[in-house]
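In: can you look at this prediction? I've put the sequence above it.
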Amino acid sequence: MKAIRTTISFLLLVFLSPAIKAQSINISGTVLDAHTREPVAYASVYFSRSGIGKVSDSAGNFSFHFNKPANDTLVVSYIGYELYRIPMADLANDKPVLIQLQRGGVGNAVVVKSKFNKGLFLWKKIMSKKKQYNRYNLPNFGYEAYNKLEVDIKNFNAEKAKKNFLLKPFSFIFNNIDSTSEKDPFLPAYLLESVSDYAYQKNTKKYFENIKASNTKGFTNESISRLMGVMNQNVNIYGNFVNVMDKDFIGPFNDNADVYYNFHVPDTQLVSGKKLLHFVFSPKHPGQNTFQGDAWVVDKTWQIQKISLYLGKEANINYIDRISVFQEFVPINDSVYFLNRDKFFADFRVLGKQSLTLIGRKTTAYRNILINNDSIRHLFEKQPIEEVVKTEAGVTGKSDSAWNVLRHDTLSVNEKAIYTTIDKLLQMPKFQRLQRTLKFIGTGYKNIGNYEIGPWFNWISSNQWEGTRFRFDLGTNTGFNKTIYLHTYLAYGTLDKKLKGKAEAYWILKREPKRLRLHASYSDDIDNGISQYGEVSQDNIFSFALRKPNTTHKFIQVKDARFEVFNEWGKGFSTEWFVTHRQYVPLRNLPFKTAFPVSSGEPLTNFEVAVKLRFAYLEQFVESDYFRYSLGTKYPVVEMMLAKGFPGIINSAYSYTKVSASIRDYIKISPYGSFSYKAYAGKISGTLPFTFLENHPGNDIYYYNPSAFNLMNRFEYISDKYAGISVEHNIGSGLFRFIPITRKLKWRQFWNAKALWGSLSSANQALNNSTGLFKTLNGSTYMELGTGIDNILKLLRLDFVWRVLPRPLPTQKTSRFGIFGSFQFQF
């Protein structure tokens, strides 16, 4: 009997042991930030019913073992993030779960009221070491940086896209959709990479970067490669302001950050024998340009080990759903922690909540870090200017095997798929046609063989002299010649029934390092006024509805032949020589040629030689096939011009001398927005008709012109001696942040002022004012003041402008107030 019981017990043990074993369960996983994909260290991971819990480790990992599974819910919480819940039944045994926390508020923080504010105390301790730990206070440093920018697409219907007649030929790209890495599926779309050597010196302040390699599939523009370096993308968390999309946000370690932020310390951790303090910050007031986020700080030394910054939808920045900045620091020696990894993630969304979203993910890794090194000092001894950015020969032509060595880490499956897809797309004729079509719609130009036509928006326009105006442009492209650009157009008016046109040629003799360019042109066309800088062209299809209805439109025909030589000399200096012959023929509402008799030559005809000197220190450009476009400079731009008129050359009739100068600048005055100004002055010596005097820029349309006096008519005021200044202060949210509806709409405030002083010699008054058409200020002041609303619907700006001076006479009918609109794309 005993043997039977023993046998039964043994059999039960054998057959039931799998069932008993099956009762146990292992649960493990990793906690990540859903935006940056960075591990969330020391997050609270617990089961809501049983109360069993722990914190994730420094890599965001956690694990639990249960002998008996229960009907429970796993909860993950971390300050600044939304709570994450998942039923235990959805957790697979021995299969790690990826938990992605979404940024929320600080509502899940436990706030303990105390007379002693630990957060403020810790902030003050960090600030006491700010100068020591800010890398830009080191005598010098250098490193090799690897930059990677990935662009992904989210919120699209793949099935509909596959059926779209435009996208159907490229349906293979949807095989790359990633539906596992994040909560919402996304399509990896583009990838840019660069590797560069970077160096910095504090005294005298100098920067150097050498772009060694740049992987930009689809184009080989070296100016884009320069922008992909680290010179323009460094985020310094110890700085007073953190620049995001060219807007300055108040950093948590600003000298006055305690005015803008709340601080607290909810947690501490002991890691490798070091006590780490969890430092959390959040904005005191909504609508201000501030972050929320957290950092882990080493106790007693107050060094930042990791930091995360987050901008949500409340931030006054356009087209951005959210922005995350992550930085990790590692010890270089006993006293210095240096940047090791840097991430910047942004979600771009132009339309509504469910519209197509672009996700930009920029990651930077640093290695070969040098601090206070003699080799860096010797490098800068040979550098004459503050900033130098170089690109090595063949920077965009590195092979795949070379990139395998250059990269600081390996490409992911998604990233490899991007390159394979782009290579395939670029070889497809249908994709090339789609590219050309989109370029034609967006830029107005279309390539046909070695030539280009456009822009299409100049093909038709209308004015009172020509009636309906038709125009057709034809130019060459790089298939014709890479350094010579030829361009011509013909125009015809249905009312005046005359052909007009222009022919010109550019020859770029040298692009780098000091540009040398020749330009020759001849034009014979109608000009609605003397050409002005910043003028909005009226020779396009969009000008129909913009003209002021009660303004007398003035028309003049101009024949202009010119030759120009532009040369850069280095350190921001450049010269441009002009040899010009002009002949004017007034057509309507301007004095005719007979009003300006001359003893020799033709009236209203001149021959002029001029030189313009320009100084724009450290100005940056984006290069196109033949032209380049300025991205500005952080220093003032100074221009001076000297011109001399010679009579007796090709029927020219006038002798004169012109001298002018200007200075302009754009200054960030964070946290109070930005401020721009332009001051200018000039003098003209000689007795001249209005065409060769200073015609102060007026505006005959309702589109706001920042370079003109918008309530002044064109040709209203002329001078031979003048000075002026214009200023504008863009405040940002300003008062609008205190009103919930305008804060939500992200409206922005600004004000501006423009003043002009001018006079006209008695000889020039006698020659030009016989018709009474022109006015002169005679030393008095012309002034306009303006304010308005910017960023309406993220695109529109309304300017309310008052003409303050001079006061009009009772008999004068002068518009003293106007509303102008303009469009601008800005973040």
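Out: Cool, the structure landed.

In: quick one, what contacts the closest residue in space to residue 588 that isn't next to it in sequence?
Out: Leaving aside its sequence neighbours, residue 588 sits nearest to residue 555 (Cβ to Cβ, 6 or more residues apart in numbering; 4.5 Å). Just so you know, the C-beta spots here come from the backbone N, C-alpha and C atoms, and that holds for glycine as well. Shown in contact with residue 555 (Cβ atoms under 8 Å, 6 or more residues apart in numbering): 463-465, 526-528, 586-590.

In: need the buried ones from those selected in PyMOL.
Out: Buried subset of these, written as a PyMOL selection, criterion 16 or more other Cβ atoms under 10 Å:
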select buried, resi 463+465+526+527+528+586+587+590
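
In: out of the contacts of residue 555, list just those in strands.
Out: Secondary structure from DSSP state E places 463, 526-527, 586-588 of the contacts of residue 555 in strands.

In: so residue 367 touches residue 197, yeah?
Out: No. Using Cβ atoms under 8 Å, residue 367 makes no contact with residue 197, being 11.0 Å away.

In: so what sits against both of those two?
Out: Common neighbours of residue 367 and residue 197 (Cβ under 8 Å, 6+ apart) are 143-144.

In: those two: which is more packed in?
Out: A count of neighbours by other Cβ atoms under 10 Å puts residue 197 above the other of residue 367 and residue 197, at 19 against 10.

In: who is that one paired with across the strands?
Out: Judged by DSSP bridges, the bridge partners of residue 197 are residue 144, residue 210.

In: check contacts around it.
Out: Residue 197 makes contacts with 142-145, 208-210, 212, as judged by Cβ under 8 Å, 6+ apart.

In: next one: residue 724
Out: 679-681, 696, 754-757 are the contacts of residue 724 under Cβ under 8 Å, 6+ apart.

In: which of those has the weakest pLDDT?
Out: Scanning the contacts of residue 724 for pLDDT, the low point is residue 696. It has 93.

In: out of the ones in strands among the contacts of residue 555, which comes closest to residue 254?
Out: Within the ones in strands among the contacts of residue 555, the smallest distance to residue 254 is 51.0 Å, found for residue 527 (Cβ to Cβ).

In: this structure: helices as residue ranges?
Out: In the chain, the helices defined using DSSP state H lie at 2-22, 118-128, 130-133, 158-163, 222-227, 257-260, 374-381, 400-406, 413-426, 429-443, 740-745, 762-768.

In: mean pLDDT lowest where, among those helices?
Out: Averaging pLDDT over each of the helices of the chain puts helix 2-22 lowest, since it has a mean of 42.

In: which residues of the stretch 301-450 of the chain score low on pLDDT?
Out: Residues of the stretch 301-450 of the chain that meet the criterion pLDDT under 70 lie in 312-313, 350-355, 431.

In: please name the bridge partners of the nearest residue to residue 483 once chain neighbours are set aside.
Out: Nearest non-adjacent residue to residue 483, counting by Cβ to Cβ, 6+ apart: residue 508, 4.7 Å away. Beta-bridge pairing of residue 508 under DSSP bridges involves residue 517.

In: burial measure for residue 508, as a count.
Out: 20.

In: contact partners for it?
Out: Listed by Cβ under 8 Å, 6+ apart, the contact partners of residue 508 are 483-485, 515-517, 626.

In: quick check: bridge partners of the nearest residue to residue 341 once chain neighbours are set aside?
Out: Excluding the flanking residues, the one nearest residue 341 by Cβ to Cβ, 6+ apart is residue 328, at 4.5 Å. In this entry, residue 328 is beta-bridged to residue 306, residue 341, by DSSP bridges.

In: now do residue 328 against residue 605, distance only.
Out: 69 Å (Cβ to Cβ, to the nearest Å).

In: and these two? Which one has more around it.
Out: Between residue 328 and residue 605, counted using other Cβ under 10 Å, residue 605 has the larger neighbour count: 23 against 18.

In: would you mind measuring from the more buried one to residue 691?
Out: Using Cβ to Cβ, residue 605 is found at 9 Å from residue 691.

In: quick check: neighbours shared by these two?
Out: 582, 584.

In: how about the strands in the stretch 551-700 of the chain?
Out: 555-570, 573-588, 605-616, 620-623, 628-632, 637-645, 656-668, 674-685, 694-695 (DSSP state E, counting those that start in this stretch).

In: tell me how far the first one is from the chain's mean position?
Out: Averaging C-alpha positions (Cα atoms, centre = their mean, to the nearest Å) puts strand 555-570 31 Å from its chain's average.

In: list the buried residues in it.
Out: 555-558, 560-562, 564, 566-568.
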